[in-house]
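> Sequence and predicted structure are below.
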Amino acid sequence: MIKKKIEKNKKLKNKSETKIIKKKNDSGKTKNVATSAKQNIYSTLRGMKDLLPKSGKMFMDIFHAAENVADAYGFSYAETPILEQASLFIRSIGKGTDVIDKEMYVFEDKDGTKVCLRPEATASFARTYINHGLQTVPQPVKVWYWGQMFRHDRPQQGRYRQFHQFGCESFGVNNPVVDAELVAVAYNTLKDLGINAFVKINSIGSITDRENYLVELVGYLRSKRSYLSEESKKKIVKNPLRILDSKEEQDIEVIAEAPQILDWLNEENRKYFMKVLEYLDEAGIPYVLTPTLVRGLDYYTDTVFELFEEVKDETEKNENSEIALGGGGRYNGLVSQLGGPETPAAGFALGIERILNILEKKAEEEMKQNQEKSNKHRVDALFLAQLGEQASKKALNIIEKLRKNNFKVYHNLAKTSLKAQLELADKAEVKYTLILGQKEVQDGTIIVRDMESGIQEIIDQNKIVHHAQKILN
RNA sequence: GUGGCAUUGGUAUAAUGGUUAUUACUCCAGUUUGUGGCACUGGCAAUUCGGGUUCAAUUCCCGAAUGCCACCCCA
């Protein structure tokens, strides 16, 4: 026995090999970097996450909520490839953004093409719009999508290198109602999932609006330069808009007095944005006008928004309120920038893992509460227990019969003892267990056991569907 | 990408510079063979990896990997 253990340990130890090489990183520092197999082969790569069976149901619940809302608002499902030309994103999202400069998975394909794993889907759909001439179908073209995105970021909770987004895009119409509709789809999806959300919203105007504003903003920031944090001082040249959402206290004081972009919108864009807000008021969607909200991708124009979970508890607030569940906005310049016709468009995306995180926390709390009350939530489902070979053969037959009538039948046909199967039935928290033994197979009957009371009833196998309908509905 | 903290079975934990590393849950098998939620018995299963110090390291030191937190940024 002990020998066995030692051998096993040896095996386990041999499975990992780590080679360390010296490598210079961007800042010129020398660093030890592990190449080859870093850990054992059972671990995921950094920032990657397995979706485990226990979370699978919840994940699909989110999918279905998204599907239902998007469908109801008239969006059609569409997909684009995960692998795209790297230049598509570089041209649309913009050099100088972190997403492009630091976070893209770029590599050379076998024929030398520079390809990348998509960091988001908006640019892909803009490409699709041009590529398939979608300006020739009735506008707006409304699509929704769901899929993996990749960003080589440093992992944290709610931030992975591979993650899922649900999003909607609407091409071809420049109308405040389109903006409001997108916000509504995002908001109502969260609401359907039981998440109380609110929207932070702003308008960053047209490109000329922004240029004019930037001159003013930079002028102002320069005059207050000595009050700003070191980080922000650097950004005056590099990315002045970003100073607006700084979390440094000294910066916040300066920002409070800073000129606001809303005052620099031209008359038309200003009216447009007011209309968007009116639609949101009318739809009863809670929003906070946030003049400091600027988004990190270059293609955004006019309306921009982000969604957050509304938390009552002040202590929770500090922990979680900072993580956006999703964001989006208008991008009227994107299609033409990629070489297509002038096309107004807008869209949003929600981060599925972030939503999942919230739902799982909620479910955990509910579980705890239920345990305290020691309540059992029995599911409207059946468990089929079987004894002996004859019965287990017959079992598949019965499961299929019930399945066709939309009954869920849990089972474990590999188990032999009835006791073990009843234990499983108990854990699955089903309302009734069907018991099929040698005797029942011969008689053409089946036992129906009420798991709450323990009362059993013997019925004819042919009446099983009818009986199930009676007891479960 | 920068800084800080952490790393013991699947999960949650205890302990230790030295022969079989604690406990609970989960999982599997059983407690006289066709009845669950209780109890009992038995079983599977771990010191992240690499190097150093030492007669001896899971324990001390260094590095890596991974996770978490803050920043950067973002979904």
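Arrived safely, thanks for sending.
> Need the nearest residue in space to the closest residue to RNA strand B within the stretch 301-450 of chain A, chain neighbours excluded.
Closest to RNA strand B within the stretch 301-450 of chain A is residue A:437: 2.6 Å, counting by C-beta to the nearest atom of the strand. C-beta here means a position set from N, CA and C on the backbone, and glycine is covered the same way. The spatial neighbour of residue A:437 that comes closest, neighbours along the chain excluded (C-beta to C-beta, 6 or more residues apart in numbering), is residue A:387 at 4.1 Å.
> ok, now which ones touch the one you found?
The contact partners of residue A:387, taken as C-beta atoms under 8 Å, 6 or more residues apart in numbering, are A:416, A:418, A:435, A:436, A:437, A:438.
> Share the number of residues neighbouring residue A:67, please.
Residues within reach of residue A:67, counting by other C-beta atoms under 10 Å, total 17.
> so which strand or helix has it?
helix A:53-72 (DSSP states H and E).
> could you point out which element follows that helix?
Helix A:53-72 is succeeded, C-terminally, by strand A:76-77 (DSSP H and E).
> helices and strands around that next one, which ones?
When contacts are defined as 3 or more C-beta pairs under 8 Å, 6 or more residues apart in numbering; DSSP states H and E, strand A:76-77 sits against strand A:141-150.
> what residues does the strand it packs on touch?
Contacts for strand A:141-150 (C-beta under 8 Å, 6+ apart): A:63, A:66-67, A:70-71, A:73-80, A:82, A:104-105, A:117-121, A:125, A:129, A:134, A:161-172, A:352.
> Which of the contacts of residue A:387 fall within helices?
A:418, A:438 (DSSP state H).
> from the contacts of residue A:387, which would you call buried?
A:435, A:436, A:437 (16 or more other C-beta atoms under 10 Å).
> Tabulate these in CSV, adding columns for pLDDT.
CSV is the format used below for the buried ones among the contacts of residue A:387 (pLDDT from 0 to 100):
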residue, pLDDT
A:435, 94
A:436, 94
A:437, 92
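> Longest helix of chain A, counting residues only.
helix A:352-373.
> Give me the mean pLDDT for that one.
Averaging pLDDT along helix A:352-373 yields 82.
> Help me see whether the helix or strand that comes right after it makes contact with RNA strand B, please.
Proceeding N to C from helix A:352-373, the next assigned helix or strand is strand A:379-386, under DSSP H and E. No: applying C-beta under 7 Å from any atom of the strand, one finds strand A:379-386 out of contact with RNA strand B, separated by at least 8.3 Å.
> What strands flank strand A:379-386, and is each parallel or antiparallel?
strand A:409-411 (parallel), strand A:430-436 (parallel) (DSSP bridges).
> And that strand, how far out from the chain middle?
Mean C-alpha position of strand A:379-386 versus that of the full chain (C-alpha atoms, centre = their mean, to the nearest Å) differs by 33 Å.
> Kindly export it (C-alpha atoms) in CSV.
Extracted in CSV, the C-alpha atoms of strand A:379-386 (Å, rounded to 0.1, in the frame of the first residue of the first chain):
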residue,chain,number,x,y,z
VAL,A,379,-38.4,20.3,-8.3
ASP,A,380,-41.1,19.3,-10.7
ALA,A,381,-39.2,16.3,-11.8
LEU,A,382,-39.1,12.6,-11.5
PHE,A,383,-36.4,10.1,-10.6
LEU,A,384,-36.5,6.6,-12.1
ALA,A,385,-35.0,3.9,-9.9
GLN,A,386,-34.5,0.5,-11.4
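> what sits against residue A:64?
Contacts of residue A:64 (C-beta under 8 Å, 6+ apart): none.
> OK, now which residue of the stretch 251-400 of chain A is nearest to RNA strand B?
For the stretch 251-400 of chain A, C-beta to the nearest atom of the strand, closest residue to RNA strand B: residue A:296, 1.0 Å.
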